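Engineer: Any chance you could fold what I've pasted below:
(one chain, ligands or ions: 1)
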Amino acid sequence: MDLKSNHNAPVLTDSAPLSKSRLRGYHHGLMLPYSPSGAPFSSNLLLSIPRRKTGVLDDVRSCGWLDAMKSSSPTHKKFAKDINHELSAPDPEVAYRTWLLKYPSALASFEQIANFAKGKRIALFLDYDGTLSPIVENPDNAFMSADMRSIVKEVAKYFPTAIISGRSRDKVYEFVGLTELYYAGSHGMDIMGPVRQSVSDDHRNCIKSTDKQGNEVNLFQPAREFLPMIDEVYSSLVRITEDIKGATVENNKFCVSVHYRNVDQDNWKSVGERVQDVIKKYPRLRLTHGRKVLEIRPAINWDKGKALEFLLESLDLSNCDDVLPIYVGDDRTDEDAFKVLRERNCGYGIFVSKSPKESNAYYSLRDPAEVMEFLKSLVTWKKSSAL
Ligand SMILES: O=P(O)(O)OC[C@H]1O[C@H](O[C@H]2O[C@H](CO)[C@@H](O)[C@H](O)[C@H]2O)[C@H](O)[C@@H](O)[C@@H]1O
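Structural biologist: Residues are numbered from 1 along each chain as shown. Below is the predicted model:
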């Protein structure tokens, strides 16, 4: 994938075919990749789904499309079956332990991480759903526990901490409720960060604003021009899915989520078809796939990885020699951030997963409970090293 940005207006230029290794990487749930401008889906998808001459997906009944829906957040049994096949491991627990050799537990490796952090400032980036809060059926009820909130508050006393979420920035702030953090919503397309003149000079879409406490902040919204389009698509998606029991549509400001977690599996195909019917009219939007959710978003070269880089720059934390960024996330969208850290050879991604999956992260944690333990360990370590 060749993505170019002129800093001011991120532009999508091309998308390379999925390599075998990328295909392997995402075989548990295909992330629908970036589309070239003018076509709603990437040519990558031609690997499994035929198109009409218009470039629009022709047959959503194709195995590729429906399989992607089925395998997003698949059952533990299915993961176990796939990974066992790949690694010839006899049972899920063995498969998980084998996987841990490649993605060691960040708790078990805490000493190693602490050693890497010696003499450096840790900067912490946290995804929300599935990382700080458990995955639940109703997205409106994805509350984080009071214990998690208090440890995130504590951790932010010692390390600059930001939340980078697919939710709208307002919604994720409502869930987290901590003023001491930085927030990026809509998969990084809505960032509120500290005022830094060099950053606003570099990014045309950066404006000065004030936060809820009246402090001056930089607001970066690279997809602002898409707002009317997103609102229009949101209304169409609500209308077109209203008779599918269990389907819900969430307006995340710069992107829209169509949830099918609570839809009978026999109707998933319908959800997919209807979403495509709507978005084929919008060649400047693209479709990605999260955990039992289809996400419609502007086809611009901006994602959680870019948001991470933007925040590092805004917080004056770009220097790898004295900063150790740590990004914790559970979803395919977090892979963009893991990849940035891996490519910069600076900091670590920690992938939250109960099941073996390929990732660009270095470490892993099982679930939000382990994320909480990890954050506690960071605080304890920091307190003891300050003595
Ligand atoms: O980037 P994130 O903070 O992880 O947000 C990604 C999506 O999370 C939410 O959906 C997911 O969590 C829901 C609550 O547990 C669950 O019901 C749903 O099936 C998951 O996909 C959120 O509702 C989406 O809008 C976010 O894009």
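Engineer: For burial, what's the neighbour tally of residue 322?
Structural biologist: Using other Cβ atoms under 10 Å, residue 322 has 9 neighbouring residues. To be clear about C-beta, it is placed using only N, CA and C from the backbone, and glycine gets the same treatment.
Engineer: And the residue lying closest to it once chain neighbours are set aside, how far from the ligand?
Structural biologist: Closest residue to residue 322 apart from its sequence neighbours, by Cβ to Cβ, 6 or more residues apart in numbering: residue 120 at 5.4 Å. Noted for residue 120: a distance of 26 Å to the ligand, by Cβ to the nearest ligand atom, to the nearest Å.
Engineer: And for residue 153?
Structural biologist: Shown here: residue 153 relative to the ligand, a distance of 18 Å by Cβ to the nearest ligand atom.
Engineer: so that residue, which of the three states?
Structural biologist: When classified by DSSP: H, G, I helix; E, B strand; the rest coil, residue 153 comes out as helix.
Engineer: right, and it touches residue 179 too?
Structural biologist: No: contact criterion Cβ atoms under 8 Å: residue 153 and residue 179 do not qualify, at 9.6 Å.
Engineer: and the closest residue to the ligand within the chain, what does it touch?
Structural biologist: Nearest to the ligand, among the residues of the chain, is residue 166, at 2.8 Å (Cβ to the nearest ligand atom). Residues near residue 166 by Cβ atoms under 8 Å, 6 or more residues apart in numbering: 128-129, 185-187, 252, 255, 257, 290, 295, 331, 333.
Engineer: ok, which of these also contact the ligand?
Structural biologist: Applying Cβ under 6 Å from any ligand atom to the contacts of residue 166, one finds that 128-129, 252, 257, 290, 295, 331, 333 fall near the ligand.
Engineer: per-residue pLDDT, residue 51?
Structural biologist: At residue 51, the predicted lDDT confidence score is 33.
Engineer: Show me where the stretch 201-350 of the chain has its helices.
Structural biologist: 227-241, 268-279, 304-314, 335-344 (DSSP state H, counting those that start in this stretch).
Engineer: Single out the most deeply packed of these.
Structural biologist: helix 304-314 (a mean of 23; mean count of other Cβ atoms under 10 Å).
Engineer: just how off-centre is that helix within its chain?
Structural biologist: 13 Å (Cα atoms, centre = their mean, to the nearest Å).
Engineer: what comes into contact with it?
Structural biologist: By Cβ under 8 Å, 6+ apart, the residues outside helix 304-314 that reach it are 5, 10, 123, 125, 127, 162, 164, 182, 184, 187-189, 191, 193-194, 196, 198-199, 203, 218, 220, 317-318, 323, 325, 327, 329, 333-334, 336-337, 339-341.
Engineer: residues from the stretch 251-387 of the chain in reach of the ligand?
Structural biologist: Residues of the stretch 251-387 of the chain lying near the ligand (Cβ under 6 Å from any ligand atom): 252, 257, 259, 261, 290-293, 295, 331, 333.
Engineer: One more: the stretch 1-150 of the chain?
Structural biologist: So the stretch 1-150 of the chain meets the ligand at 127-130, 135-137, 139, 142 (Cβ under 6 Å from any ligand atom).
Engineer: Now list the buried members of the residues you listed.
Structural biologist: Among those, those buried by neighbour count (16 or more other Cβ atoms under 10 Å) are 127-130, 135, 139, 142.
Engineer: Pick out the most distant pair among those.
Structural biologist: 127 and 139 (14.4 Å; Cβ to Cβ).
Engineer: Look at the closest residue to residue 237 other than its chain neighbours and report its pLDDT.
Structural biologist: For residue 237, ignoring the flanking residues on the chain, the nearest one in space by Cβ to Cβ, 6+ apart is residue 249 at 4.7 Å. pLDDT, the model's per-residue confidence, is 98 for residue 249.
Engineer: same check, this time on residue 194
Structural biologist: pLDDT, read off for residue 194, is 83.
Engineer: Enumerate every residue touching residue 260.
Structural biologist: Residue 260 touches 69, 246-247, 267-268, 271, 292-294, counting by Cβ under 8 Å, 6+ apart.
Engineer: Skipping adjacent residues, who's closest to it in space?
Structural biologist: residue 271 is the one closest to residue 260 (Cβ to Cβ, 6+ apart), at 4.7 Å.
Engineer: quick one: secondary structure of the residue of the chain closest to the ligand?
Structural biologist: On the basis of three-state DSSP, residue 166 is classed as coil.
Engineer: and if you look at the one 4 residues further on?
Structural biologist: Reducing the assignment at residue 170 to three states with three-state DSSP gives helix.
Engineer: wait, it sits on residue 185?
Structural biologist: Yes: contact between residue 170 and residue 185 holds when scored by Cβ under 8 Å: they sit 7.1 Å apart.
Engineer: sorry, back to before: got the phi/psi numbers for the residue of the chain closest to the ligand?
Structural biologist: Phi and psi for residue 166, reported as degrees, to the nearest 10, are phi -80, psi -20.
Engineer: and if you look at residue 355?
Structural biologist: Torsion angles, degrees, to the nearest 10, at residue 355: phi -120, psi 150.
Engineer: Okay, buried residues for the helix or strand residue 98 falls within please.
Structural biologist: Element membership of residue 98 [criterion: DSSP states H and E] is helix 92-102. Within helix 92-102, the residues scored as buried using 16+ other Cβ under 10 Å are 92, 95-96, 98-100.
Engineer: From the contact counts, what lies against the helix or strand just after that helix?
Structural biologist: Next along the chain after helix 92-102, taking DSSP H and E as the criterion, comes helix 110-117. On a contact count with 3 or more Cβ pairs under 8 Å, 6 or more residues apart in numbering; DSSP states H and E, helix 110-117 meets strand 323-329, helix 368-385.
Engineer: angle of helix 110-117 against helix 368-385?
Structural biologist: Angle, helix 110-117 to helix 368-385, by axes from the mean of the first three to the mean of the last three Cα atoms, to 10 degrees: 50 degrees.
Engineer: Dump the C-alpha coordinates for helix 110-117 into CSV.
Structural biologist: The C-alpha trace of helix 110-117 is given here as CSV (Å, rounded to 0.1, in the frame of the first residue of the first chain):
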residue,chain,number,x,y,z
PHE,A,110,7.6,-6.5,32.8
GLU,A,111,11.2,-6.4,34.0
GLN,A,112,12.4,-6.4,30.4
ILE,A,113,10.1,-3.5,29.5
ALA,A,114,11.2,-1.6,32.6
ASN,A,115,14.8,-2.1,31.6
PHE,A,116,14.1,-0.7,28.1
ALA,A,117,12.4,2.3,29.8
